[in-house]
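Colleague: Structure for this input, please:
(one chain, ligands or ions: 1)
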Amino acid sequence: MTELELHDVTIQGPRLTLRPLREADWPLLLRWNSDPEVLYYTEGDEVSAYSLEEIQAIYRQVSQSAFCFIIELGGRPIGEGWLQRMNLERILRAYPDQDCRRIDLLIGEKDCWGRGLGTEAIRLLTAFAFEREGADVVWACDVADYNLASRRAFQKAGYAVVNEIEQPPGSKAHICCDLALRREAYMGRKITIELPRK
Ligand SMILES: CC(C)(COP(=O)(O)OP(=O)(O)OC[C@H]1O[C@@H](n2cnc3c(N)ncnc32)[C@H](O)[C@@H]1OP(=O)(O)O)[C@@H](O)C(=O)NCCC(=O)NCCS
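Modeller: Here you go, the predicted structure:
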């Protein structure tokens, strides 16, 4: 069985702390990933819940190529997010010589939606990607047309829509988009964030 790949990076922002995902976090991940309203936004198809085994398999697999974090607000876990090596062929083919990473996140505590916290988490993961990991381009992939909060949060963090991909008839979304931020553009609008030393 693949184990959760652990790391020791903690990222401190103005309001949020991103700390490493741990084996003890399964109850949180299961609860957030069992909420139909959250899943409506995170899943392309109609997924109404995941089992513990499915959740463990997903996060353990992703952690092999990602830094996975729990997002905390004043010590309260409110969501998760990761910075992962690009795994989509269409992007790897188009940017063969670039170090491409992707950010995925969910704020599972819904009373925390719409308070700028998603944007802050994206900014922190973005700073980590460029300033500590040396990424060339960071992506948000397959953002559905009905997920306006996600698209807007990435745009507020400096990302721009690069690809618009029409979805097959009958899909929940008509169009999904990829947003990206390049290193040069990031450096031009850099924010100051305390990052742990390597
Ligand atoms: C997507 C998500 C991470 C965004 O985090 P958040 O903390 O809610 O977002 P923020 O408050 O930082 O920013 C959201 C922006 O979208 C805007 N927004 C939200 N709903 C909107 C809507 N229906 N129409 C237009 N704009 C909308 C907000 O007004 C805000 O923009 P503003 O600051 O210019 O007013 C969070 O809502 C979430 O986890 N959702 C469920 C899981 C998910 O969708 N994950 C991403 C999958 S791609």
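Colleague: use CA for all of it now, contacts and neighbours both
Modeller: OK.
Colleague: just to confirm, which helix or strand has the most centrally placed residue in the chain in it?
Modeller: The centre of the chain sits closest to Asp104, judged by C-alpha atoms, centre = their mean, with a distance of 1.7 Å. Element membership for Asp104, per DSSP states H and E: strand 100-107.
Colleague: going on from that strand, what's the next piece of helix or strand?
Modeller: Beyond strand 100-107 on the C-terminal side, the first helix or strand identified by DSSP H and E is helix 117-127.
Colleague: That next one: what's the following helix or strand?
Modeller: Next along the chain after helix 117-127, taking DSSP H and E as the criterion, comes strand 137-144.
Colleague: Can I get that next one in CSV, CA atoms only?
Modeller: Only the C-alpha atoms of strand 137-144 are listed here, as CSV (Å, rounded to 0.1, in the frame of the first residue of the first chain):
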residue,chain,number,x,y,z
VAL,A,137,4.5,28.2,-14.1
VAL,A,138,1.8,27.4,-11.5
TRP,A,139,-1.6,26.2,-12.6
ALA,A,140,-5.2,25.8,-11.4
CYS,A,141,-6.6,23.0,-13.6
ASP,A,142,-10.1,22.2,-14.8
VAL,A,143,-11.9,24.9,-12.9
ALA,A,144,-15.6,24.5,-13.8
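Colleague: Any residue of the helix or strand hosting Phe69 touching the ligand?
Modeller: Element membership of Phe69 [criterion: DSSP H and E] is strand 66-73. No - using C-alpha under 6 Å from any ligand atom, we find that strand 66-73 stays clear of the ligand, coming within 10.8 Å at best.
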